[in-house]
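> All I have is the shape, not the residue letters:
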């Protein structure tokens, strides 16, 4: 979760003074500020119709490029108000997973956990909501882009606040096809294909919509994702899994603030990141700031596929390997030296010589997996 907290007001005054002296308008990068205070980050939601996954990590600075440190060995529970509690065992460091549950929509639930250093945390109780199904995930070409659109409705007019996130998967190939591999001093035919792979990543976008100003609780062709016409993701086949969540007004406001924070960090005249106040509290130390918001709702999903032959014929796609040069030629006499490292690979046999290239340009597994996803078609 890319969560940002407030910067010191003095930063704005300092930058304003510098601008007045220089007479120029320049963008600035906010310092890490209080984010380096190692705040606890709670990511996930209470799944009212399935498995709940909660991840506990620690915050990093805005410029950090490493994965956030995990909060391991916590004791985590989901609790029904005046009712039972359900344990979420730790399945891997910092990740806590419940059994499959169906929560009572007439009841309220919360998350309750203790960290390994005996600090206790609770969330506010929240009503278990049912997310309506996605009516349709569609796509259309708009100029030099593809837009992914989602439609949904709630006939009972009970949802009103919607959130979506997306997981993207695409087929791709490396720059060069390697038909050979080097092993134990010998060149032999390659046993495993490393040319064709699949990449997967979350979109990282926060997409929200409310129907409170509409007479009916209907979402019609709301754009949740855009792909440029030259995207490598569209080169062969592309798929997106859209996940829909019903939100309370309080959680919707939290995600809207988070969206503004993550999208508006940039120039001096963008709004400063606001402090995000979620619904998670430290019982041990009420003054401790905890980042995150835990709601209770079900999730609805729908998957979409787009093939190359469905797109305009004149679109030209990036390969992702534009910086790869022409393959080298290696004499068979030097093969034991050239191919000793896994970072340099043979491609084809030229009768005593071999074409070769760096693995980053040959082995697609460095950017994805060569195992076709089970949902692929």
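Sure, I can see it. These numbers come from a predicted model, not from an experiment.
> got the contact list for residue 113?
Shown in contact with residue 113 (C-beta atoms under 8 Å, 6 or more residues apart in numbering): 54, 56, 74-77, 96, 120-121. Where you see a C-beta, it was placed from the backbone N, CA and C, and this is true even at glycine.
> now those as JSON lines including pLDDT, secondary structure and neighbour count?
Formatted as JSON lines, the contacts of residue 113 follow (pLDDT from 0 to 100; DSSP: H, G, I helix; E, B strand; the rest coil; neighbours: other C-beta atoms under 10 Å):
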{"residue": "54", "pLDDT": "98", "secondary structure": "strand", "neighbour count": "23"}
{"residue": "56", "pLDDT": "98", "secondary structure": "strand", "neighbour count": "25"}
{"residue": "74", "pLDDT": "98", "secondary structure": "coil", "neighbour count": "20"}
{"residue": "75", "pLDDT": "99", "secondary structure": "strand", "neighbour count": "16"}
{"residue": "76", "pLDDT": "99", "secondary structure": "strand", "neighbour count": "25"}
{"residue": "77", "pLDDT": "99", "secondary structure": "strand", "neighbour count": "17"}
{"residue": "96", "pLDDT": "99", "secondary structure": "strand", "neighbour count": "25"}
{"residue": "120", "pLDDT": "99", "secondary structure": "strand", "neighbour count": "14"}
{"residue": "121", "pLDDT": "99", "secondary structure": "strand", "neighbour count": "22"}
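> what's the pLDDT at residue 43?
You'll see residue 43 listed with a pLDDT of 96.
> the strands in the stretch 201-350 of the chain, which residues?
207-210, 218-228, 237-246, 280-282, 290-291, 296-297, 299-307, 328-331, 344-349 (DSSP state E, counting those that start in this stretch).
> hey, which of those strands is tucked in deepest?
Most buried of the strands of the stretch 201-350 of the chain, by mean neighbour count (mean count of other C-beta atoms under 10 Å): strand 296-297, with a mean of 26.
> For that one, give me every contacting residue.
45-48, 103, 108-109, 126-131, 245-247.
> max-length helix in this structure?
If you go by DSSP state H, the chain has its longest helix at helix 249-264.
> pLDDT (mean, whole number) over that helix?
90.
> Now do the buried residues in that helix.
Neighbour-count burial for helix 249-264, counted by 16 or more other C-beta atoms under 10 Å, picks out 251-252, 254-258, 260-262.
> For that helix, name the packing helices and strands.
Where contact means 3 or more C-beta pairs under 8 Å, 6 or more residues apart in numbering; DSSP states H and E, helix 249-264 is packed against strand 161-173, strand 207-210.
> try 10 Å this time
Using 3 or more C-beta pairs under 10 Å, 6 or more residues apart in numbering; DSSP states H and E, the elements in contact with helix 249-264 are strand 161-173, strand 207-210, strand 237-246.
> Could you export those as TSV, including mean pLDDT and distance to residue 356?
Shown next, in TSV, are those (pLDDT from 0 to 100; distance: least, C-beta to C-beta, whole Å):
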stretch	mean pLDDT	distance to residue 356
strand 161-173	99	18
strand 207-210	98	45
strand 237-246	99	30
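> can I get those strands in TSV with distance to residue 350?
Listed next are these as TSV, based on distance: least, C-beta to C-beta, whole Å:
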stretch	distance to residue 350
strand 161-173	22
strand 207-210	52
strand 237-246	33
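> what's the closest of the ones you listed to residue 347?
Nearest of the helices and strands packed on helix 249-264 to residue 347, taken as C-beta to C-beta: strand 161-173 at 13.7 Å.
> C-terminal to that closest one, what's the next element?
The helix or strand immediately downstream of strand 161-173 is strand 180-183, counting by DSSP states H and E.
> Which among the helices and strands packed on helix 249-264 is found nearest to residue 355?
Here strand 161-173 is closest among those (C-beta to C-beta), at 17.0 Å.
> Run a quick check on residue 162 versus residue 220, I expect a contact.
No: under the contact definition of C-beta atoms under 10 Å, residue 162 does not touch residue 220, with a separation of 11.9 Å.
> which residues touch residue 151?
134-138, 218-222, 302 (C-beta atoms under 10 Å, 6 or more residues apart in numbering).
> Between the residues you listed, which sits nearest residue 331?
Distance to residue 331 across these (C-beta to C-beta) is lowest for residue 137, with 53.9 Å.
> Having no further points to raise, I will conclude here.
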